[in-house]
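Undergrad: Just need the structure, nothing else, for what follows:
(2 chains)
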Amino acid sequence: MPPDTKALWDALSQEIDKHTPETSGPPAVEALSQQPTVGDRLTSRLLGGTWFLLLVGGVTLCFLGFAGHKASLVLSPLLLLLGAWITAPLVSFGSGLSPFRAIAWAWPFAGLTCFLVVLPIALERSFLANRGEVLGQFARDLQWALEAAFSPGAGFVILLFAAFLGLFIRSLKFRHPWARPVSPARYRLHLAYLAVACASLLLFCLALLWRAPAASKLASPASSPVWDQLFAEYNLVGLETTRAQRQAGYAALESRTIDALQHQFPTLQRDLRMASDAVERQWGPEGVGSAPSREKYLFYRLKLDLQIRPRYQYSRTMGLLEDAILPRLLKPDLSAHEIEGWRSKLEELKSSLAPDRMSEIETNAAQYFDQSKNSEVVVFGVLDPETPRRSRVELKARDGQLAANAEPTPMKILGATVPLSPTVLLSHYEGNRKREQWEFLRSSIDELSPEELDRSLNAARKRFGSRIDYLDQAFFDEIAGRRYSDTVGPWIDYCLLVLELRQIKLNQGRYPESLSAGDSIRYLWQPKEQRLTDATLLSPAFGRSVSRRLP
Amino acid sequence: MNALNTAQPLARLVVQAQQGNKQAFEALFLQTHRLARKIAYSVLGDQLAEDAVQESFILVYRKLPQLADPEAFRGWLSRLVLHTAYRLASTRREQVPLLAEDLIQQDESHALVDTLHLRQGLARLKRADREILVLRELLGLSYGEVAYALELPVGTVRSRLHSARKHLAKRLAL
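TA: Predicted structure coming up:
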């Protein structure tokens, strides 16, 4: 204060003292009570924050409605009371709750209420279900509760209520200026700070722990609407059409399939396979296309199968090699040009297979992690047949809402899309845990022989299946079901061997007496009583004798 | 500047008055009624200041047990007197001068003319600025007491006081 102003203030004070009359004495207070009134008590309580938070929590509860759950009905009010009691010092520090603080704390406490309402339900479920299901359902419940409480309407009502309450408390405070908030004990303030610190740390850890899994390195099978029109037009999936209509549809589909196999492969893999399956169901692989294009069709069909490697269908691919390709390699008039053509095609097929079982298992695992969310693919309006029948039945049998909400989805908060929803975070976490568990399992089977490998995987399947864990049966289905390198692989090798023998016969006029490494053939055959002929080559006994790996 | 008693005996009196001790209340009144009167006077003027002081001390007696910190009595009292004075001012619906001009008319020696400029400057300030200047400069309350009386953080009191002083200086310079 400037000195001249100070002097003025002093002068003013003295003037007031001098010119104001002496007061008449203290008022008579003998009959007055010092008990606080109801208004005083109400103001103090409301300024304290706990009641305000409980009221905001109560309004939030109106938008949730978990009344059907006994645990939530009993425990949620208690947890809400505890939450309000812990949080209140943060809301009412200093001179008590203000309208600004009321508005600022309305939504955070509404969010906390959602959590506290859903928590008892998860606790109740934890006695009945395994950890994965409880966590999954908790994430879905929490997301549902948050979306309900923070829909544009509900969020606005909660905020409006908090603002109204804040203004009401302000008016009470104006009328009761002597009232002070019920001051919390110092340890409560410390407890509140501790709770905020713990919550922040927890959120930080969740952000780190539940990071998104590594980006996909495998291209997911494509699906496109190119074929939808055709399927819709001829209703190949349904049974309502007449036989003539279906046959016309299959004929159109066949020409489209063969054309696409040659020109659009591999961009439409999944659609092509569906189309090819449909056509083959009608006429079989040998009935497809005209004679010149039939061999092309067979090759592309095999290529498609090895590209997609559908689960538990490798025997069908082996059947194509045995029943359709092998007889073509043993045609009496097979020319050197044809031998070379088949050799290059078979080599191309072989190159698309993993070199050994372990490599294939790793590919399968990577495919599972990258595509687990697409495990159920709808093509042409129906479920992809690759989805195990059991899963499809289970999905239908389960509660509709549960199945509909099973996939992680972004959250709708106040009309905006929040990508990191509880279900998405949980799926990230589970994805990472699965990868970690797979890494651990892989390190233990890395050096095993194929037989030991299968035994170990079967043991692990039982172990993980019986235990509550993240690697589920679907993972082991993926590992065991996509088994092409040691099933189809030997058949391709065998076809290549047959081509080698046909080449020798073409050059020397007859098959060799015996096979050895010196003949640049990878198999050893020591004939005892049997001479090598075209018929011998077709016999399964010969195949198994030259390759113990052949099934 | 004012010459009120020190806080320690005041706090002891407050505690005794909180327990219903009438003599302690009377002593409390004697120690602080000038402070209350200056606050009331700054809002209401001479005519109503006494009424405001009486009503304020009735409130003080009734609500004193609700005062958690006896050390903060002066700030708490200031808040109550301000509340009562504004309530009286609103019920009487009268134009309330900050410091009544009638003082000047009564002042035959024209001693008040020296401070007229300050009073006029105060009268032209916003209510918030005027309150904070009166509590701090005229009554000499500490920052803590001003903060308690106006229910503001001490930091806010400092910044608002700084700003109020600047506003007053502008008015005085005009």
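Undergrad: What count of nearby residues applies to A:Ala110?
TA: By other C-beta atoms under 10 Å in any protein chain shown, 27 other residues sit near A:Ala110. Backbone N, C-alpha and C define where each C-beta goes, glycine included.
Undergrad: check contacts around it.
TA: Contacts here follow C-beta atoms under 8 Å, 6 or more residues apart in numbering or on different chains; on that basis A:Ala110 touches A:Val56, A:Gly57, A:Val59, A:Thr60, A:Ala149, A:Phe150, A:Gly155, A:Ile158.
Undergrad: what stretches of the stretch 101-250 of chain A score poorly on pLDDT?
TA: Low-confidence segments of the stretch 101-250 of chain A (pLDDT under 70): A:183-184, A:209-250.
Undergrad: change it to 50
TA: A:216-226, A:234-239 (pLDDT under 50).
Undergrad: where are the low-confidence patches of chain B?
TA: Ranges of chain B meeting pLDDT under 50: B:1-8, B:95-96.
Undergrad: Apply 90 and report the result again.
TA: B:1-154, B:167-174 (pLDDT under 90).
Undergrad: Break down it into its helices, ranges please.
TA: Taking DSSP state H as the criterion, chain B contains helices spanning B:7-18, B:22-44, B:46-63, B:73-92, B:102-106, B:113-123, B:127-133, B:143-150, B:154-173.
Undergrad: which helices and strands does the last one pack with?
TA: The elements that helix B:154-173 packs onto, with contact taken as 3 or more C-beta pairs under 8 Å, 6 or more residues apart in numbering or on different chains; DSSP states H and E, are helix A:3-19, helix B:113-123, helix B:127-133, helix B:143-150.
Undergrad: export the contacts of A:Ala110 to a markdown table and tack on distance to chain B, neighbour count and secondary structure?
TA: As requested, the contacts of A:Ala110 are arranged in a markdown table below (distance: C-beta to the nearest C-beta, whole Å; neighbours: other C-beta atoms under 10 Å in any protein chain shown; DSSP: H, G, I helix; E, B strand; the rest coil):
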| residue | distance to chain B | neighbour count | secondary structure |
| --- | --- | --- | --- |
| A:Val56 | 23 | 27 | helix |
| A:Gly57 | 27 | 24 | helix |
| A:Val59 | 27 | 20 | helix |
| A:Thr60 | 29 | 29 | helix |
| A:Ala149 | 32 | 24 | helix |
| A:Phe150 | 32 | 25 | coil |
| A:Gly155 | 30 | 19 | helix |
| A:Ile158 | 27 | 23 | helix |
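Undergrad: Buried by neighbour count: which residues of the strand or helix carrying A:Leu78 qualify?
TA: Using DSSP states H and E, the element containing A:Leu78 is helix A:70-92. Of the residues in helix A:70-92, A:71-72, A:75-77, A:79-80, A:83-92 count as buried by neighbour count, 16 or more other C-beta atoms under 10 Å in any protein chain shown.
Undergrad: Among those, which ones lie close to chain B?
TA: Filtering the buried residues of helix A:70-92 for neighbours of chain B using C-beta under 8 Å from any C-beta of the partner chain leaves an empty set.
Undergrad: so what's the residue sitting nearest the centre point of chain B up against?
TA: In chain B, the residue lying closest to the centroid (C-alpha atoms, centre = their mean) is B:Ile39, at 2.7 Å. Contacts of B:Ile39 were listed using C-beta under 8 Å, 6+ apart, and they are B:Ser78, B:Val81, B:Leu82, B:Ala85, B:Val134, B:Leu135, B:Leu139.
Undergrad: What subset of those residues is buried?
TA: B:Ser78, B:Val81, B:Leu82, B:Ala85, B:Val134, B:Leu135, B:Leu139.
Undergrad: so which residue of the stretch 301-450 of chain A comes closest to chain B?
TA: A:Leu414 (31.5 Å; C-beta to the nearest C-beta).
Undergrad: Quick one: mean pLDDT over stretch A:500-517.
TA: Mean pLDDT, stretch A:500-517: 77.
Undergrad: hey, C-alpha coordinates of that stretch in PDB?
TA: Provided in PDB are the C-alpha atoms of stretch A:500-517 (Å, rounded to 0.1, in the frame of the first residue of the first chain):
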ATOM      1  CA  GLU A 500      10.900 -88.400 -61.600                       C
ATOM      2  CA  LEU A 501      10.200 -92.000 -62.400                       C
ATOM      3  CA  ARG A 502       8.100 -91.100 -65.400                       C
ATOM      4  CA  GLN A 503      11.000 -89.000 -66.600                       C
ATOM      5  CA  ILE A 504      13.400 -91.900 -66.200                       C
ATOM      6  CA  LYS A 505      10.900 -94.200 -68.000                       C
ATOM      7  CA  LEU A 506      10.600 -91.600 -70.800                       C
ATOM      8  CA  ASN A 507      14.400 -91.400 -71.200                       C
ATOM      9  CA  GLN A 508      15.300 -95.100 -70.600                       C
ATOM     10  CA  GLY A 509      12.200 -96.800 -71.800                       C
ATOM     11  CA  ARG A 510      11.600 -98.500 -68.500                       C
ATOM     12  CA  TYR A 511      11.400 -97.800 -64.800                       C
ATOM     13  CA  PRO A 512      14.600 -98.300 -62.800                       C
ATOM     14  CA  GLU A 513      15.200-101.500 -60.900                       C
ATOM     15  CA  SER A 514      15.900 -99.700 -57.700                       C
ATOM     16  CA  LEU A 515      15.800 -96.200 -56.400                       C
ATOM     17  CA  SER A 516      18.700 -94.500 -54.600                       C
ATOM     18  CA  ALA A 517      20.100 -91.100 -53.900                       C
END
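Undergrad: Cool, thanks, signing off.
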